[in-house]
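Q: Here is my input; please provide its structure:
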Amino acid sequence: GKMAAKKLALAPTTAEMAVRQGQLDGLRAEIAKGQAVARRLPEFRSQVADLETRLARLKAATHDIEGGDLSARAAIAGRDEIAALAQSFDQMAARLQAADVRQKELDALRRDLVAWAGHDLRTPLASIRVMVEALADGVVQDSETVQRYLQTAQRDIRSLSQLIAALFEMAQLDAGGLPL
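A: Purely as a prediction, here's the structure:
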């Protein structure tokens, strides 16, 4: 009697068995999820490695641009945020490169302009100097030739004034002092 009653008292009830079965089923489900994650770990590692490689390419292109290599591009394909960022970076790099090319062309034009302006300034100055020296030294004395020399000097001075005004205006435009 007593022993059977004691065993009966120790035996779980149906409700307790159902609770334990539910806990066991929950543990089995969690173990199954863990196993599924464990099976996908190599895939996750591969994806992380791919992300690291793509970010390293973007970082390298950034350092190249920073170092002055405006032809550097990240060239990362894909449809994710990193690919979108790389595409924006590459577009920015292309615009920088194009602006650099334009700046070099403008610098070359500016150097040519200075050389041409120097020539255009020297020629009338030399002409004026020769005519003024001839007049001052008395080499030219007839009034018709004196008048012609003075008119030529006036014309050359006007030409020089226009050239100097144009150069001044270009310098102001270049410095941003005048609107276009």
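
Q: Tell me if I'm right that Ala61 and Ala74 touch.
A: Yes. If you go by Cβ atoms under 8 Å, Ala61 and Ala74 touch, sitting 4.2 Å apart. To be clear about C-beta, it is placed using only N, CA and C from the backbone, and glycine gets the same treatment.

Q: So the two - more neighbours on which side?
A: Neighbours were counted for Ala61 and for Ala74 using other Cβ atoms under 10 Å; Ala74 has more, 23 against 20.

Q: wait, what's in contact with that one?
A: Arg57, Leu58, Ala61, Thr62, Ala86, Phe89, Asp90 (Cβ atoms under 8 Å, 6 or more residues apart in numbering).

Q: try Ala86
A: With Cβ under 8 Å, 6+ apart as the criterion, the residues that contact Ala86 are Arg54, Arg57, Leu58, Ala61, Ala74, Ala75, Ile76.

Q: The residue nearest to the second one when sequence neighbours are not counted in helix, strand or coil?
A: Translated: Arg57. Residue nearest to Arg57 in three dimensions, not counting chain neighbours: Ala74, with 5.4 Å by Cβ to Cβ, 6 or more residues apart in numbering. Here Ala74 takes the coil state, with states given by DSSP: H, G, I helix; E, B strand; the rest coil.
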